[in-house]
Structure formats: structure tokens, C-alpha cells
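Colleague: here is my input; please provide its structure:
(2 chains)
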Amino acid sequence: AQSVSQHNHHVILSEAASLELGCNYSYGGTVNLFWYVQYPGQHLQLLLKYFSGDPLVKGIKGFEAEFIKSKFSFNLRKPSVQWSDTAEYFCAVNTNQAGTALIFGKGTTLSVSS
Amino acid sequence: DAGITQSPRHKVTETGTPVTLRCHQTENHRYMYWYRQDPGHGLRLIHYSYGVKDTDKGEVSDGYSVSRSKTEDFLLTLESATSSQTSVYFCAISEGQPKYYEQYFGPGTRLTVT
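Modeller: This is a model prediction of the structure:
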């Protein structure tokens, strides 16, 4: 079955530290990739997306992600986190096999201390 | 933010009672989705719609039905609520097929079945 793995369940960082959240998926065909963020008590917001083209994708709020097809990965990065980045982050994948569904990872909680 | 509203935002109900959740959009998007979010599971697709009166099942559709009589409204019904359906329910919309368009999420409905 297709799946998305987010390796880090909870990440704790100090402000200004660099961030990298891992995301791997299990599907060998064409994929569309997404990162969503959910701030406490709020709905999911799209951070960035990859459909095709340049594998280095830049999103909102200084986030970026790199699609590495050979590693089935789409890791999220930010050079310097802020306290306001405290949230839960979800990686999601759409595949031709999945059809309409987005397959979500279980999420990574990021806590940033000031 | 995409124009998506969900009602009610919070609901407590008893086992065995019927419950209907409503999703309303003002974007005139063709696709609408219902997901549930549970700790340790991320988000999972319940049902989706690809047009008025056109719906299909997702990964966790058992115990749920949907209806879409107008482009802007997508209803999720729990015919006889069970405690396992206690969850946060998110509606999402997209302009077209997921392989071309991203999904935008509503604010969520927290449902508790006692």
C-alpha cells in the first residue's frame, strides 16, 4: 500500500536554528507532493507544492523543499526558524494510483522556543 | 484563504444518533473532499465529490454518506454515530483533479460521540 513516512514525530528547536523535516513516500510512479502546516487550533494551510519541473520548491514564510526522486523524498527546510513556526507539519502525496486522494503522513510537531 | 466554511464547528452527540456536517465554499471549485484527522493517523479521506451529484468513496468511508446537490455545498452524514467516529473533520476543495491542482482546507469540525 502507498504510504508517507514522516520520521520525526516531535522536533524541538531554539529560535534561529535550522530546520529539516523528513518525508518519504512509497510509490514508484509520478507523484505530486505537498507540505501543509497546521497552527494550533487552525486549519491546514498549504506551505508549498511540487507538480513538476525544478525539484527545489520555494513556499511561503521562507520554507523550501527538495524533491529527490531517487530517494523517494521531499524534505522540508527552513534556514532559521521563528517562534511563530511552532505548528504541526504534514507531508502529503498524490499519485496516479491514489486517484483523487491525498495520502498524508502522520505529521511532525515542531516546537520552537524563544 | 480559500472561501470554505464548515458547520457546526463543534458538536457533541450521543451514540446512535444521526449527524450531518456541512461544508460550504464560495470558490466555485469542482472538487470537494471530506477528511478525518486522528492522532497518529494524519488525515484520511472519507468521501469526495467531483461535481454535483457525483461522489465516490475514500479510504475510510464505512459509516459515512455524502451528498452534493449544489456546487457550493457538500454534506457528510453519519447515519448512526459511533464513538470511533469521534474526530476532527476537515472539508477541502480543489479547482480540478489532484494531479493538477492543490487542495485547500476548511477550519474543521470537532465531533465528539459519547
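Colleague: could you list the low-pLDDT ranges of chain B?
Modeller: B:1-2 (pLDDT under 70).
Colleague: show me what from it comes close to chain A.
Modeller: Contacts of chain B with chain A, taken as C-beta under 8 Å from any C-beta of the partner chain, map to B:1, B:31, B:33, B:40-45, B:48, B:50, B:56, B:58-59, B:90, B:97-100, B:102-108. No exception for glycine: its C-beta is placed from N, CA and C like everyone else's.
Colleague: any quick ChimeraX command for the buried ones out of these?
Modeller: A single ChimeraX command selects the buried members of these (16 or more other C-beta atoms under 10 Å in any protein chain shown):
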select /B:31,33,42,43,44,45,48,50,58,90,98,102,103,104,105,106,107,108
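Colleague: helices and strands of chain A: which one bottoms out on pLDDT?
Modeller: strand A:103-104 (a mean of 90; mean pLDDT, DSSP states H and E).
Colleague: direction included, what does that strand pair up with?
Modeller: strand A:87-95 (antiparallel) (DSSP bridges).
Colleague: in the strand it pairs with, which residues are buried?
Modeller: A:87-95.
Colleague: list the contacts of stretch A:72-80.
Modeller: A:15-27, A:33, A:35, A:47-48, A:50, A:61-68, A:85, A:89, A:91, A:93 (C-beta atoms under 8 Å, 6 or more residues apart in numbering or on different chains).
Colleague: who's in contact with residue 44?
Modeller: Let's take chain A. Going by C-beta under 8 Å, 6+ apart, the list of residues near A:L44 reads A:36-38, A:90, B:43, B:90, B:105.
Colleague: wrong one, I was asking about chain B
Modeller: Contacts for B:R44 (C-beta under 8 Å, 6+ apart) come out as A:104, B:35-38, B:58-60.
Colleague: most surrounded residue in those?
Modeller: B:Y35 (28 neighbours; other C-beta atoms under 10 Å in any protein chain shown).
Colleague: re earlier: now the buried residues of strand A:87-95 as a markdown table including pLDDT?
Modeller: Output for the buried residues of strand A:87-95, formatted as a markdown table (pLDDT from 0 to 100):
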| residue | pLDDT |
| --- | --- |
| A:A87 | 97 |
| A:E88 | 95 |
| A:Y89 | 97 |
| A:F90 | 95 |
| A:C91 | 96 |
| A:A92 | 94 |
| A:V93 | 92 |
| A:N94 | 89 |
| A:T95 | 80 |
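Colleague: can you give me the pLDDT of A:Q42?
Modeller: Listed pLDDT for A:Q42 reads 87.
Colleague: that one is in contact with B:P107, isn't it?
Modeller: Yes. If you go by C-beta atoms under 8 Å, A:Q42 and B:P107 touch, sitting 7.3 Å apart.
Colleague: and the residue of chain B found nearest chain A, what does it touch?
Modeller: Closest to chain A within chain B is B:G42: 3.6 Å, counting by C-beta to the nearest C-beta. By C-beta under 8 Å, 6+ apart, the contact set of B:G42 is A:4, A:90, A:104-107.
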